[in-house]
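S.K.: How does the following fold in three dimensions:
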Amino acid sequence: MTIQLTPNELKQIVEEAVYKAAKAIKEQEPIAEDDTLLTRKQVALLLGLSERSVSSYAKKGILKGYRLAGLLRFKRYEIDEAIKKMRV
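M.R.: Numbering: from 1, shown residues only. Prediction:
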């Protein structure tokens, strides 16, 4: 039995299969629970944001920040999770 497909149909089937496989692999990636604390500047560099935006996102609850001796800090693994959510 032979199935007739146009090149576009084959392309669509392959793209969907690759997308599903990549998504499944990405969901299996372990998130390292690294409790390393990052500064606003470090988070800004990782996310490609200004330090002011990082502070604003923390204030709005978009990023989870921690106040230590009056300074704003972020857990590395939580920033990694935020980056992962942005890519989905």
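S.K.: List the contacts of stretch 57-64.
M.R.: 43, 49, 54, 65, 72, 74, 75, 78, 79, 82 (CB atoms under 8 Å, 6 or more residues apart in numbering). Heads up, the C-betas are built off the backbone N, CA and C, glycines and all.
S.K.: ok, now with 7 Å
M.R.: Applying CB atoms under 7 Å, 6 or more residues apart in numbering, the contact partners of stretch 57-64 are 54, 65, 72, 74, 78, 82.
S.K.: I'd like these laid out as JSON lines, including secondary structure and distance to residue 22.
M.R.: Listed next are those as JSON lines, based on DSSP: H, G, I helix; E, B strand; the rest coil; distance: CB to CB, whole Å:
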{"residue": "54", "secondary structure": "helix", "distance to residue 22": "29"}
{"residue": "65", "secondary structure": "coil", "distance to residue 22": "31"}
{"residue": "72", "secondary structure": "strand", "distance to residue 22": "35"}
{"residue": "74", "secondary structure": "strand", "distance to residue 22": "28"}
{"residue": "78", "secondary structure": "helix", "distance to residue 22": "24"}
{"residue": "82", "secondary structure": "helix", "distance to residue 22": "20"}
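S.K.: Widest-spaced pair of the residues you listed?
M.R.: Farthest apart among these by CB to CB are 72 and 82. That separation is 15.0 Å.
S.K.: Can you list the residue ranges for helices in the chain?
M.R.: 7-28, 40-47, 51-60, 76-87 (DSSP state H).
S.K.: closest one to residue 34 among those?
M.R.: With CB to CB, the closest approach to residue 34 among these belongs to helix 76-87: 4.3 Å.
S.K.: what comes up buried for stretch 53-64?
M.R.: In terms of neighbour count (16 or more other CB atoms under 10 Å), stretch 53-64 has its buried residues at 53, 54, 55, 57, 58, 63.
S.K.: mind giving me JSON lines with those residues and columns for pLDDT?
M.R.: What follows is the buried residues of stretch 53-64, written out as JSON lines (pLDDT from 0 to 100):
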{"residue": "53", "pLDDT": "94"}
{"residue": "54", "pLDDT": "94"}
{"residue": "55", "pLDDT": "94"}
{"residue": "57", "pLDDT": "92"}
{"residue": "58", "pLDDT": "93"}
{"residue": "63", "pLDDT": "91"}
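S.K.: All good on my end, thank you.
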